[in-house]
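Visitor: model the following, please.
(one chain, ligands or ions: 1)
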Amino acid sequence: MTLYQPFIDHAIATLTSRLNLQPYPIPAGFEHKEGVMGKGKKQEPVTTTSYGFQSDKLRQIRAAHVQGGDSLQVLNFVIFPQLNYDLPFFGADLVTLPGGHLIAIDMQPLFSQDQAYQAKYSAPIMPMFHEYQQNLPWGGDFPQEAQQYFSPAFLWTRPAQTEVVENLVFKAFCDYLDAYIDFVEQAELVTDPQELKAIFQAQKSYADYRAEKDPARGMLTRLYGSEWTEEYIHGFLFDLERTLTAA
Ligand code: DBV
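Guide: Numbers count the residues shown, from 1 in each chain. Predicted coordinates:
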């Protein structure tokens, strides 16, 4: 069992128990990928496993789990709602590298500047955020252009101890996911054409940004080559654009 396996196991169990979960297709060649990191005696096998689900209100629930020994563990888990709901994205980037742990957990807003949107989707989780932030302090340095994609409840932290990841970060991940599913259960279909257009544009902007700036691109390219990596990013991890041209 590796560091982030309990996170993905818990997420799948919770989603299965609370939503009408269906599989989401994972393109051939991406379910399971083996590679090698490092050179000579320091070589370490690295496995990347993909998970994909969907539900009535959630277009794509997907995870990429990279396992390469104690100093390379990554779980990137994102939920993309259907385009006719105003739901935020659920985003978790749980990263363990030789330099330490880097944790990002958020409900990423469609409209970060909109007060009513914040009142609906951020305000209810602020008490939980403040509680966690006391022991999971702000992780510092953050790309300026990414700020528009995060909510005021963005948990961004660099725990010094693995124990903190196993316990407190795990608890925060579970609580954020539970609160997210509460929002999903309450979400109502959007039919107003103006609002649908705004949702589409916000979803597109988010997916385009993440595909373009994927911080894992370098690591994945070193492991699996550029052709595989670009197809993984555009054909699975951030596939909104593809689903539009396919439709
Ligand atoms: N990040 C992904 C996907 C990953 C992944 C799909 C499959 O979006 C892993 C894996 N994130 C990953 C790795 C690193 C980071 C870092 C491997 C380390 C990169 C390195 O140091 O080489 C939040 N993730 C980061 C960083 C940030 C985030 C801010 C550090 C700064 C950086 O390198 O850019 N999560 C990231 C982000 C959004 C998000 C920018 C944006 C909207 O949800």
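
Visitor: all helices of the protein, in order?
Guide: 5-18, 115-121, 126-135, 162-164, 170-186, 193-213, 217-224, 226-232, 240-246 (DSSP state H).

Visitor: which one of those lies closest to Ile79?
Guide: helix 170-186 (7.1 Å; CB to CB). C-beta coordinates here come from the backbone N, C-alpha and C atoms, glycine included.

Visitor: the ligand contacts on this structure?
Guide: By the rule CB under 6 Å from any ligand atom, the part of the chain lying against the ligand is 64, 74, 76, 91, 93, 95, 97, 102, 104, 142-143, 146, 149, 210, 214-216, 218-219, 237.

Visitor: tell me which of those fall in strands.
Guide: Per DSSP state E, strands hold the following members of those: 64, 74, 76, 91, 93, 95, 97, 102, 104.

Visitor: which two from these end up farthest apart in space?
Guide: Among these, Gly91 and Leu97 lie farthest apart (CB to CB), at 18.8 Å.

Visitor: ok, what's across the strand from the closest residue to Leu136 other than its chain neighbours?
Guide: Among residues not flanking Leu136 along the chain, Thr157 sits closest, at 4.1 Å (CB to CB, 6 or more residues apart in numbering). Going by DSSP bridges, Thr157 is paired in beta bridges with Ile103.

Visitor: look up the pLDDT of Thr157 for me, please.
Guide: On the pLDDT scale, Thr157 is placed at 98.

Visitor: residues in contact with it?
Guide: 103, 136-139, 169 (CB atoms under 8 Å, 6 or more residues apart in numbering).

Visitor: what's the most distant pair in these?
Guide: By the measure CB to CB, Trp138 and Val169 form the most distant pair in the contacts of Thr157, at 14.3 Å.

Visitor: what about those two, which has more around it?
Guide: The neighbour count for Trp138 versus Val169, taken as other CB atoms under 10 Å, is higher for Val169 (26 against 12).

Visitor: and that one, how close does it get to Gln22?
Guide: For Val169, the distance to Gln22 (CB to CB, to the nearest Å) stands at 29 Å.

Visitor: do the same with Val165
Guide: In terms of CB to CB, Val165 sits 30 Å off from Gln22.

Visitor: of these two, which one has the most company?
Guide: Between Val165 and Gln22, Val165 has the larger neighbour count (other CB under 10 Å), namely 21 against 12.

Visitor: quick one: distance of the helix or strand bottoming out on mean pLDDT in the chain to the chain centre.
Guide: Ranked by mean pLDDT, DSSP states H and E, the weakest helix or strand in the chain is helix 240-246, scoring a mean of 89. Counting by CA atoms, centre = their mean, to the nearest Å, helix 240-246 is centred 19 Å from the centre of its parent chain.

Visitor: run the chain-centre distance for stretch 22-33.
Guide: 17 Å.

Visitor: typed the wrong thing, it's stretch 109-129
Guide: 18 Å.

Visitor: contacting residues around it?
Guide: Taking CB under 8 Å, 6+ apart as the rule, stretch 109-129 contacts 86-89, 107, 148-155, 175-176, 179, 183, 198-199, 202-203, 206.

Visitor: out of the residues you listed, which are buried?
Guide: 86-89, 107, 149-151, 153-155, 175-176, 179, 183, 198-199, 202-203, 206 (16 or more other CB atoms under 10 Å).

Visitor: settle this for me: Asp86 is touching Thr191, isn't it.
Guide: No: counting by CB atoms under 8 Å, Asp86 does not reach Thr191; the two are 11.6 Å apart.

Visitor: and stretch 111-124, end to end?
Guide: Terminal residues of stretch 111-124 are spaced 16 Å apart (CA to CA, to the nearest Å).

Visitor: list the buried ones in that stretch?
Guide: If you call a residue buried by 16+ other CB under 10 Å, then stretch 111-124 has these buried ones: 111-112, 117-118, 120-122.
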